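Asker: dropping a prediction and its sequence here:
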Amino acid sequence: MSAPFPHFIIIDDSQLDCFIGEKIIQNTGTYSSIKTYTQATDAYEHIKNSAPGPADAMTIIVLDIQMPVMNGFQFVEAFELLPEDIRSNYAIFMFSSSINESDKNRLENHPCIRKFYGKPISKEIVSSLVNAV
Amino acid sequence: MEKQEKIKILYVDDEINNLTGFKASFRMSYNIMIAVNATDAMEHLNSHPDIRVIFCDQRMPGKTGVQFFEEIRSRYPKPIRILLTGYADIESVIDSINLGNVFRYVKKPWKDADILGAINEANKFYVSNSLLAVKNEELQKAYNELDKFSYSVTHDMRGPLLSILGAIEAAQHIEDISEIRKMLLMMKDSVRNLDDFIKSVHDYYNLNRGELEIKEIDFNEIVKEQTRIFNFTYLVSDVEFKPSIEQKETFRGDEVSIKLILNNLLSNAFKYQKRDNKEKLVELKILVENGKAVIEITDNGVGIDKNYVGDIFNMFFRASSQEVGSGFGLYNVKAAVTKLNGKITVDSEINKGTSFKVTIQNK
């Protein structure tokens, strides 16, 4: 029996990037559900209110770094304060078009960030995300 | 010509006759302060931070001139230090000059011409040092801005490009033409954002490097032009635009800056509307009287969270994700207002709307 495909949450202030991510993931076929958020605060609320305890499948978070109001790192910091039985259902992957030195250092300070990828998201990246969880 | 203040010079000597002689000889051309000992000298230095040149006698009871200079050097680095001394002390003078405590020395008894020459040289040195310090500060500021700038520029320019690249990639696997159309619309937005950003960078440079070009301003003309621009670039058909202009006198100012202010504030007012609002409204009031122009732009849009109002004029700050802003617009507006010696205030309430008020003086 094979495990169900992961859920996806895309958090990116660019509508186009959300749309592309959704399409690329849909094309791979390896997903249980896809949600997109242009505001990190909305995504955070959704996750905070999600059911604790083991879920049917892992949720992969595709997270943009530079966003207004709540940026990727602020989202991660808020996420880290959530109870363990919620956090364990999610795997965070950071995405950005560019990254500076201080952001690289910040990535290392947050073990819950699984990996950083340069934009744009591709089929190959989606399969590596699916394989990683 | 502007009346220039006399250069301030401090002379320290334990012999009162020398002090009065010095003052009598040079007080016409310079603002001369005198001190009989180090304590008095310190008092002058404290109350006159703009003293440019200090003359000090080498042989004074308790403390030599060289020692005095060494002591004040770190606390008062700006004034140029000149030692007055006879030949007997030449060794310590050489040491002192080599250590950088003394700019030059004038031998005693001095001749007026020597003193005048020394003041002249010292003043030139002082002026170029001060200019250098100002330039250094400017450079440091420019460097800091450049750091922030280059990161954000790469991000903000690559962002839309990579989005479009991703969209092209994704489009290869989409059969549904309506999906493709939807994507094309978003790609168009991306291209426009990139273009807006590049225009803002251009504005930024014009503001920082460009000179003011003062000429007569016809606000009616400017608003007409802006209205044309907005009808083209934004889908403002569902936003009511109410301009009212009352220009009671001739106004002179820098047209480029004024246009930039209007353009950015208006485009924000059009952009940050509540999507489901049936009566979207942008009001523009311009009143020119009593030597100033007051421009008020009010919308009933999304408003700004009060936690962010203080940051909106900062470079690259974005308080909303409803529209992809460059984080440059209001920064440029503020820079333009400052350049015109004007004032800008903002009043905003979340979900109620935002109002900007700009006041600029008639030149």
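Answerer: Received, thanks. Keep in mind that what you see is a predicted model, and the values were worked out from it rather than measured.
Asker: the chain: helices as residue ranges?
Answerer: This is for chain A. A:15-28, A:40-48, A:72-80, A:84-87, A:101-108, A:123-132 (DSSP state H).
Asker: switch to chain B, that's the one I care about
Answerer: Residue ranges of the helices in chain B, as given by DSSP H, are B:16-26, B:38-47, B:65-73, B:90-98, B:112-171, B:177-209, B:219-233, B:255-271, B:329-339.
Asker: CA atoms only: put the first one into CSV for me.
Answerer: So that's helix B:16-26. Extracted in CSV, the C-alpha atoms of helix B:16-26 (Å, rounded to 0.1, in the frame of the first residue of the first chain):
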residue,chain,number,x,y,z
ILE,B,16,49.1,88.9,28.5
ASN,B,17,51.1,91.3,26.4
ASN,B,18,51.4,88.8,23.6
LEU,B,19,47.7,88.1,23.8
THR,B,20,46.6,91.7,23.5
GLY,B,21,49.2,92.4,20.8
PHE,B,22,47.9,89.5,18.8
LYS,B,23,44.3,90.5,19.2
ALA,B,24,45.0,94.1,18.3
SER,B,25,46.8,93.1,15.1
PHE,B,26,44.2,90.6,13.7
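Asker: what's the angle from that helix to helix B:112-171?
Answerer: Per axes from the mean of the first three to the mean of the last three Cα atoms, to 10 degrees, the angle that helix B:16-26 makes with helix B:112-171 is 70 degrees.
Asker: helices or strands up against helix B:16-26?
Answerer: strand B:8-12, strand B:31-35, helix B:112-171 (3 or more Cβ pairs under 8 Å, 6 or more residues apart in numbering or on different chains; DSSP states H and E). Yep, even glycine has a C-beta here, placed from its N, CA and C like the rest.
Asker: and what of the longest one?
Answerer: Contacts of helix B:112-171 with other secondary structure elements, assessed using 3+ Cβ pairs under 8 Å, 6+ apart, are made with helix A:15-28, helix B:16-26, strand B:53-57, strand B:80-85, strand B:104-107, helix B:177-209.
Asker: where does the stretch 101-250 of chain B dip in pLDDT?
Answerer: The stretch 101-250 of chain B contains residues with pLDDT under 70 at B:232-237.
Asker: minimum distance to chain A, which residue of it gives it?
Answerer: Proximity of the stretch 101-250 of chain B to chain A (Cβ to the nearest Cβ) peaks at B:G166, 2.9 Å away.
Asker: how about residue 48: what's its closest non-neighbour residue?
Answerer: With no chain named, the answer covers chain A. A:L82 (6.2 Å; Cβ to Cβ, 6 or more residues apart in numbering or on different chains).
Asker: can you look at chain B instead?
Answerer: B:K8 (5.6 Å).
Asker: and the one you found, how many neighbours?
Answerer: 18 (other Cβ atoms under 10 Å in any protein chain shown).
Asker: kindly report the same for A:K123.
Answerer: 15.
Asker: quick one: B:M28 from A:R87, how far?
Answerer: From B:M28 across to A:R87, the span is 81 Å (Cβ to Cβ, to the nearest Å).
Asker: which of those two has more neighbours?
Answerer: A:R87 (16 against 8).
Asker: ok, the more buried one - contacts?
Answerer: A:R87 makes contact with A:79-80, A:112 under the criterion Cβ atoms under 8 Å, 6 or more residues apart in numbering or on different chains.
Asker: before we move on, what about B:K352?
Answerer: Contacts for B:K352 were tallied using Cβ under 8 Å, 6+ apart; they are B:300, B:303.
Asker: tell me how far it lies from chain A.
Answerer: 18 Å (Cβ to the nearest Cβ, to the nearest Å).
Asker: pLDDT at that residue, what is it?
Answerer: At B:K352, the pLDDT value in this model is 91.
Asker: tell me how far it lies from B:L162.
Answerer: For B:K352 relative to B:L162 (Cβ to Cβ), the value is 36 Å.
Asker: what residues does stretch A:26-45 touch?
Answerer: A:4-15, A:18-19, A:21-22, A:25, A:46, A:56-57, A:61, A:63, A:67, A:69-72, A:74-75, A:78-79, A:123, A:126-127, A:130, B:170, B:173, B:321.
Asker: if we can go back for a sec, winner for burial among the helices of chain A?
Answerer: helix A:15-28 (a mean of 22; mean count of other Cβ atoms under 10 Å in any protein chain shown).
Asker: what sits against the closest residue to chain B within chain A?
Answerer: Here chain A gets closest to chain B at one residue, A:P120, 2.9 Å apart by Cβ to the nearest Cβ. For A:P120, the residues meeting the contact criterion (Cβ under 8 Å, 6+ apart) are A:17, A:20, B:162-163, B:165-166, B:169.
Asker: give me that answer again for 10 Å
Answerer: A:16-17, A:20-21, A:24, A:95, A:97, B:161-170 (Cβ atoms under 10 Å, 6 or more residues apart in numbering or on different chains).
Asker: any of the residues you listed buried? List them.
Answerer: A:16-17, A:20-21, A:24, A:95, A:97, B:162-164, B:166-167, B:169-170 (16 or more other Cβ atoms under 10 Å in any protein chain shown).
Asker: any idea which helix or strand of chain A has the worst average confidence?
Answerer: Least confident element among the helices and strands of chain A, by mean pLDDT, DSSP states H and E: helix A:101-108 (a mean of 81).
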